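Undergrad: my questions concern the predicted model and sequence given below.
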Amino acid sequence: MSNPSGGSSHPQLDRSFIELQRKRLEALREELLGGEQREIADERAERELHGNEAREFEDDAQSMAQREVGQATRNLNDRRIADIERALRKIEQGSYGLSEASGKPIPLSRLESTPEAIYTVEEERSREVRR
C-alpha cells in the first residue's frame, strides 16, 4: 500500500487510529518532558534547602544512590522520547506502524500498548540482547 508522501503504510491502520496515536504520542512526550523538569526543580530545591549543611556519610551515600537511580530513569526517558520522536516522524512520512528494521507491519496490539514502538517485539528483543 502506498501513500502520498511516498512511504508505504500499515495495512490495518486507518487515519483515525493514526491520529489517535499521534495525540497519545504527543501527550506522552509532554508527560515525560514535564517529569524531567520536575526532577530538576526538586533536585535544585533540595540543594538550596540543604546547601551548606554538614552531611553525614550515610546521607551522601543515599543521595548518590538516588542520583544514580534518577540518572538511569532520565536515560530511559531520553531513549523513550527519542522513540516517540521517531514514531511521530513516521506518522508524518506515512510509515507509522512499520518496523524501522524490516519494514514489516508492527502488530496492532503492540502499537496500542506501546504507541512509540518502531520495531516488532522480536526485533526489539534482538536489539536489547545486543546492547
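TA: That came through fine.
Undergrad: nearest residue to the middle of this structure?
TA: Residue closest to the mean C-alpha point of the chain, counted by C-alpha atoms, centre = their mean, is Arg80 at 1.8 Å.
Undergrad: touching, that one and Glu116? I think so.
TA: Yes - assessed by C-beta atoms under 8 Å, Arg80 is found in contact with Glu116 at 6.5 Å. For the C-beta atoms, the positions are set from N, CA and C on the backbone; glycine is no exception.
Undergrad: following the chain onward from the helix or strand hosting Ile91, which element is next?
TA: Assigned by DSSP states H and E, Ile91 falls within helix 57-93. The helix or strand immediately downstream of helix 57-93 is helix 108-113, counting by DSSP H and E.
Undergrad: distance between the helix or strand following that next one and the chain's centre?
TA: Sequence order places helix 121-130 as the next helix or strand after helix 108-113, per DSSP H and E. Taking the mean of its C-alpha atoms, helix 121-130 sits 16 Å from the chain's own mean (C-alpha atoms, centre = their mean, to the nearest Å).
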